[in-house]
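> Would you be able to build a 3D model of this:
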Amino acid sequence: MSGCLMAGAMMIALGSGGSFTLEWTHSVEREDWRETWEITADHRLHLAQAAVKGSGAGMEPGDGGHFEEGWWVWTPDLPPVPALVLAASGKTPSAWRLCGVGCIDLGAFSGQPVQVVPCSRAG
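Purely as a prediction, here's the structure:
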């Protein structure tokens with residue numbers, strides 16, 4: 001399945017499988033964080049995998065975490081959610097980098113939070 005996301009007023013194309021990654025730099029520890037999300041059949045967002053480059057305050061790997069190519073990787077056991085809300089303070093070390101078919105930076109400047117939803121749920 002391919003699909004798309006609405007991130008604020010932008011439409012972001014996803015490749016086959018309807019998955020995307022979200023990456024950012026942790027605001028305190030200054031370490032990279034990456035999450036892989038999938039769109040479920042009922043148009044919700046499921047966190048399929050999480051990974052951090054280091055550990056520290058608020059960045060501990062989850063249960064079953066293992067070290068893989070410089071990242072602590074694990075599969076979170078969380079239910080799907082209808083949307084993601086990404087803060088846009090403009091004060092963090094990085095924007096949110098959302099990658100589907102291509103990549104886009106979100107929330108780099110101070111402003112309203114950016115809501116990310118599957119296209120079929122937007123509106």
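> Show the contacting residues for the residue positioned nearest the centre of the chain.
What sits nearest the mean C-alpha location of the chain, by CA atoms, centre = their mean, is residue 22, with 2.9 Å. Contacts for residue 22 (CB atoms under 8 Å, 6 or more residues apart in numbering) come out as 34-35, 37, 84, 96-99. The C-beta positions use only the backbone N, C-alpha and C, and glycine is treated the same way.
> Same list as before, those that is, but in JSON lines and with pLDDT and distance to residue 106 included.
Output for those, formatted as JSON lines (pLDDT from 0 to 100; distance: CB to CB, whole Å):
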{"residue": "34", "pLDDT": "93", "distance to residue 106": "15"}
{"residue": "35", "pLDDT": "95", "distance to residue 106": "14"}
{"residue": "37", "pLDDT": "96", "distance to residue 106": "14"}
{"residue": "84", "pLDDT": "93", "distance to residue 106": "10"}
{"residue": "96", "pLDDT": "86", "distance to residue 106": "4"}
{"residue": "97", "pLDDT": "92", "distance to residue 106": "8"}
{"residue": "98", "pLDDT": "92", "distance to residue 106": "6"}
{"residue": "99", "pLDDT": "92", "distance to residue 106": "11"}
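> just those now: which is nearest residue 117?
residue 84 (7.8 Å; CB to CB).
> on that earlier part again, please identify which of the contacts of residue 22 is nearest to residue 5.
Looking across those and measuring by CB to CB, the closest to residue 5 is residue 98, at 7.5 Å.
> Pretty sure the closest one sits against residue 20.
Yes. Counting by CB atoms under 8 Å, residue 98 touches residue 20, with 6.1 Å between them.
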